[in-house]
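A.B. asks: Sequence first, then the predicted structure:
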Amino acid sequence: MRASLFEPIVEALQGLKSLVVGLRITGREFAKPQRTVHYPRQVVGDAALQGYRGHIELVPLEDDAQTPRCIACMQCERICPSNCIRLKVEKPAKPAKAAQPAEDTVDTDTVTPKTKRTADMPKDGGRKKVTAFHLDYTLCSLCGLCVQVCPVVSLRHSANLYLAGPTREAFHLDLLARLHRQPEAPAPGEGPRGGGKPEKLAPRKPFVKKDAEGGEGV
């Protein structure tokens, strides 16, 4: 009889304790600074985008903001597991060879000795030029392998947080054309986006498949 009399009181006290704990957590979170913004009246600043990895973009030269660092090595296109990068490269025209005089008219006293090729002389007569750099963002998995493999740090993850479009074609990006109109931004690891050395991705661990008996096998 006495136990049944106190049971409602105990349940009420337990419920009151749970309510106080919940209100304490709510009050603590309510006092913290607001992390969300009222878009589109407000946007997230660069300081809050540290570590954010948007679609890739080209990095310009230090002395020319309209020219990418890209050397057209094609490593980013080859390593992409999603097959979403396409480059168009224009090779420099080879210089025309000067006509050699006939052997019977050669004056050995006036012939200029052949110049040996030095290390700073280009092999193809000039530098290969990227004429188009297409990214199909509908296929991109943001793995970062293209950024990691680039030997001249010509690719980085953008801070394009508000990318949206009505069709799939809106996500077929021409990064070279975007470079010509994108604002100047710090290189990887510099400024508000990085704050240190360029990001290096950890190597992938090999996949290990377990057999039916619980053992491991490749």
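C.D. replies: Ah, there it is.
A.B. asks: can you pull the buried residues of the one helix or strand Gln148 maps to?
C.D. replies: Element membership of Gln148, judged by DSSP states H and E, is helix 145-149. Neighbour counts using 16 or more other C-beta atoms under 10 Å place 145-147 of helix 145-149 among the buried residues. Using the backbone N, CA and C atoms, a C-beta is placed for each residue, glycine as well.
A.B. asks: how about the strands in this protein?
C.D. replies: Applying DSSP state E to the chain gives strands spanning 56-58, 85-90, 129-136, 155-157, 172-174, 209-210, 216-217.
A.B. asks: closest one to Met74 among those?
C.D. replies: Judged by C-beta to C-beta, the one of the strands of the chain that comes nearest to Met74 is strand 85-90, at 6.2 Å.
A.B. asks: Give me the contact list for that closest one.
C.D. replies: The contact list for strand 85-90 (C-beta atoms under 8 Å, 6 or more residues apart in numbering) reads 72, 74, 76-77, 128-136, 146.
A.B. asks: could you measure Phe133 against Val89, distance?
C.D. replies: According to C-beta to C-beta, to the nearest Å, Phe133 and Val89 sit 10 Å apart.
A.B. asks: So which of these two has more stuff around it?
C.D. replies: Phe133 (27 against 16; other C-beta atoms under 10 Å).
A.B. asks: For that one, list the residues it contacts.
C.D. replies: Phe133 neighbours (C-beta under 8 Å, 6+ apart): 58, 68, 70, 85-88, 174-176.
A.B. asks: JSON lines for the strands of the chain, including distance to Leu13 and mean pLDDT?
C.D. replies: Formatted as JSON lines, the strands of the chain follow (distance: least, C-beta to C-beta, whole Å; pLDDT from 0 to 100):
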{"stretch": "strand 56-58", "distance to Leu13": "58", "mean pLDDT": "94"}
{"stretch": "strand 85-90", "distance to Leu13": "64", "mean pLDDT": "93"}
{"stretch": "strand 129-136", "distance to Leu13": "61", "mean pLDDT": "93"}
{"stretch": "strand 155-157", "distance to Leu13": "53", "mean pLDDT": "93"}
{"stretch": "strand 172-174", "distance to Leu13": "61", "mean pLDDT": "94"}
{"stretch": "strand 209-210", "distance to Leu13": "50", "mean pLDDT": "51"}
{"stretch": "strand 216-217", "distance to Leu13": "52", "mean pLDDT": "50"}
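A.B. asks: can you put those in TSV and add distance to Pro40?
C.D. replies: TSV is the format used below for the strands of the chain (distance: least, C-beta to C-beta, whole Å):
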stretch	distance to Pro40
strand 56-58	22
strand 85-90	31
strand 129-136	25
strand 155-157	23
strand 172-174	22
strand 209-210	48
strand 216-217	51
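A.B. asks: Quick one: closest of those to Leu23.
C.D. replies: Closest of those to Leu23 is strand 155-157, at 40.8 Å (criterion: C-beta to C-beta).
A.B. asks: What helices and strands are in contact with that closest one?
C.D. replies: strand 56-58, helix 145-149 (3 or more C-beta pairs under 8 Å, 6 or more residues apart in numbering; DSSP states H and E).
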